[in-house]
Structure formats: C-alpha cells, structure tokens
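J.: predicted model and sequence follow; I will ask about them next.
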Amino acid sequence: MTAASAELLTVPEAMAQLKLGRSTVYDLIRSRRLTSITVGRARRIPADAVRDFVRRSVEEAA
C-alpha cells in the first residue's frame, strides 16, 4: 500500500475506524459532518477527515 492510497479510505475502512455502520457513515457524509470525495464512481474519505470528525465530536461532548 502506498502513502497516497493510505490517505483515502473506502467507506468500509472508515466504518471500521469509527466503529459505525454503513448507514451512519453515509448519513455523516450527507450531513457534511464527515468530508468525502468522489473518485469516478467511488466514494473516498480522507484519513484526516476521520481524525477531524473524531476531534470535533470529542470537543462537542466536552
């Protein structure tokens, strides 16, 4: 795996990192709480977006 491919996560990879279901991840993408891009027909989530989402969620909970 190259560094570039490690930077973009598939939806199942993001689901695994966040310990969330598919519908929840897509709801977060739709609501723009989780940033994603489309490459061709594939949805990809930048690894930084997952980290930012977790950081924001922790700050909101505090």
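T.: Nice, thanks for sending it over. Numbers count the residues shown, from 1 in each chain.

J.: now stretch 24-32: mean pLDDT?
T.: Stretch 24-32 comes out with an average pLDDT of 98.

J.: same question for stretch 40-50.
T.: Here the average pLDDT along stretch 40-50 is 96.

J.: and it, end to end?
T.: One end of stretch 40-50 to the other measures 21 Å (CA to CA, to the nearest Å).

J.: pull the residues that contact that stretch.
T.: By CB atoms under 8 Å, 6 or more residues apart in numbering, the residues outside stretch 40-50 that reach it are 6-11, 13-14, 17-18, 25, 29, 34-38. For the C-beta atoms, the positions are set from N, CA and C on the backbone; glycine is no exception.

J.: any of those buried? List them.
T.: Those of the contacts of stretch 40-50 that meet the buried threshold are 8, 9, 11, 14, 17, 18, 25, 29, 34, 36, by 16 or more other CB atoms under 10 Å.

J.: looking at these, spot the one nearest residue 52.
T.: For the buried ones among the contacts of stretch 40-50, the closest approach to residue 52 (CB to CB) belongs to residue 34, at 8.7 Å.

J.: I'd say the closest one and residue 24 touch.
T.: No: between residue 34 and residue 24 there is no contact under CB atoms under 8 Å: 9.6 Å.

J.: can you map out the strands along the protein?
T.: 8-9, 37-39, 42-46 (DSSP state E).

J.: closest to residue 56 out of the buried ones among the contacts of stretch 40-50?
T.: residue 34 (9.9 Å).

J.: now the closest one: phi and psi?
T.: When quoted as degrees, to the nearest 10, the phi and psi of residue 34 stand at phi -130, psi 120.

J.: from residue 25, how far out is it?
T.: Distance of residue 34 to residue 25, given as CB to CB, to the nearest Å: 7 Å.

J.: okay, and the common contacts of these two?
T.: Joint contacts of residue 34 and residue 25 (CB under 8 Å, 6+ apart) are 14, 45.
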